[in-house]
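Novice: Quick check, what structure comes out for this input:
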Amino acid sequence: MKKTIILIFTFFMLSVQASDSPVSIDDAWLRAAPPNAHMLAAYATISNNGDAPIHLIGADSDAFGMTEIHRTIEVDGVFKMKEQKRLNIGVGENLNMAPGGLHIMLMMPKQSFNIGEIVDIELQFEDSNGTNWSQRVSFEVKKEQ
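Specialist: Here you go, the predicted model:
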């Protein structure tokens, strides 16, 4: 009985924490790739619904050996990816991740993924007071959005 009460309390606290987040995340998807691909990319729209600026400071997933936030940039006619350590999201603003721009770079996959599968990625945030938190997001594997 005691374990049941603790379990219920834990789920309640997790749901309260999730609902307290100033962030909403929509259109989360991960681009399908061949089974032997060493890198995949994930995309989403992150909205700041809070009353203070926030910062996206990283991402992590147990399904990959390394995870970073990247921006595709053009340098002398060549497209390159540059790691983004901190992306500001102002009050009421959206951060749009899309092919050819911002994305979550997922490296060293620990398995292959099929279209329709779900991959969990923890997005890491920081508020204007320096408080960090993460939010788990389910990304659906798709051929293209």
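Novice: and the helix or strand containing residue 79, which strands flank it?
Specialist: According to DSSP states H and E, residue 79 maps onto strand 78-83. The strands that strand 78-83 pairs with in its sheet are strand 64-75 (antiparallel) (by DSSP bridges).
Novice: What residues of the strand it pairs with count as buried?
Specialist: Residues of strand 64-75 classed as buried: 64, 67-70 (neighbour count, 16 or more other C-beta atoms under 10 Å). From N, CA and C alone the C-beta is placed, and that goes for glycine too.
Novice: Not counting the one helix or strand residue 138 maps to itself, show me its contacts.
Specialist: Using DSSP H and E, residue 138 maps to strand 132-142. Taking C-beta atoms under 8 Å, 6 or more residues apart in numbering as the criterion, the residues outside strand 132-142 that touch it are 18, 21, 23, 25, 28-32, 42, 44, 57, 60, 113-127.
Novice: per-residue confidence for the spatially most central residue of the chain?
Specialist: For the chain, residue 123 is the residue whose C-alpha lies nearest the centre (C-alpha atoms, centre = their mean; 4.1 Å). The confidence metric pLDDT takes the value 98 at residue 123.
Novice: Tell me which stretches of the protein form helices.
Specialist: Counting by DSSP state H, the chain forms helices over residues 2-20, given from the N-terminal end onward.
Novice: Sketch out the low-pLDDT regions of it for me.
Specialist: Segments of the chain classed as low confidence (criterion: pLDDT under 70) are 1-19, 145.
Novice: how about a cut-off of 90?
Specialist: Along the chain, segments meeting pLDDT under 90 span 1-21, 34-36, 74-75, 77, 79, 128, 143-145.
Novice: will you turn the buried residues of strand 64-75 into JSON lines that also has distance to residue 88?
Specialist: JSON lines is the format used below for those (distance: C-beta to C-beta, whole Å):
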{"residue": "64", "distance to residue 88": "25"}
{"residue": "67", "distance to residue 88": "20"}
{"residue": "68", "distance to residue 88": "17"}
{"residue": "69", "distance to residue 88": "12"}
{"residue": "70", "distance to residue 88": "16"}
